[in-house]
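Trainee: test case, fold it:
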Amino acid sequence: MAWVQAVNTGVGFITHTDWETNQFRGYESNLWEVTGDPTAGLAWAARVGGTVKTAPEAQAIRDTWNANIYGFTEFWVEKLSAQAMTALMTTALGDSNVREIASRWLSEFIDVREQVYKDDLNYLYANGHIGLEKRDSMLLNKQGV
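Mentor: Now for the predicted structure:
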């Protein structure tokens with residue numbers, strides 16, 4: 001198995017012949033996991049102008065991307081309403097080039113919003129603004145139970 005960082009140039013980036021000798025799995029940050037024939041995998045990397053990475057280097061690239069997308073999501077959660085975020089994501093999802101990033105971003109956005117909602121309810125309960133039954137009821141309704 002090899003890790004290769006290479007920009008997908010479209011048609012011919014991975015050919016039918018490449019698929020006959022290797023399997024390819026794409027990740028964020030133009031990172032590719034290439035399994036199969038190591039010699040053919042390295043030849044493919046050279047042909048597409050890719051840079052071979054070690055497993056720890058590949059993991060660091062993925063970790064950096066994850067940290068950046070989470071930070072980006074946290075920033076925009078504070079700036080945009082849910083309706084604006086939905087409209088933005090709907091537009092982005094229509095573009096196949098950004099579908100994976102947009103899906104991941106939307107998932108992060110929803111997770112952050114859910115945690116903010118839970119934190120707000122817990123704050124209201126802890127400071128005596130709502131009772132335990134009201135807090136639990138609101139949590140259950142939000143979770144669709």
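Trainee: how many other residues sit next to Phe13?
Mentor: 17 (other CB atoms under 10 Å). For the C-beta atoms, the positions are set from N, CA and C on the backbone; glycine is no exception.
Trainee: quick one, phi/psi of it?
Mentor: phi -60, psi -50 (degrees, to the nearest 10).
Trainee: surely it and Val48 touch.
Mentor: Yes: shown here, Phe13 and Val48 form a contact pair, counting by CB atoms under 8 Å, at 6.0 Å.
Trainee: all helices for this structure, in order.
Mentor: If you assign secondary structure with DSSP state H, the helices in the chain sit at 16-21, 38-47, 55-79, 82-93, 99-126, 132-142.
Trainee: give me the common contacts of Phe13 and Val48.
Mentor: Residues touching both Phe13 and Val48 (CB atoms under 8 Å, 6 or more residues apart in numbering): Ala6.
Trainee: could you measure from the residue located most distally from the centre of the chain over to Gln23?
Mentor: Outermost residue of the chain with respect to the C-alpha centroid, by CA atoms, centre = their mean, is Gly128; its distance is 38.1 Å. Relative to Gln23, Gly128 is positioned 58 Å away (CB to CB, to the nearest Å).
Trainee: distance of His129 relative to Tyr117?
Mentor: 15 Å.
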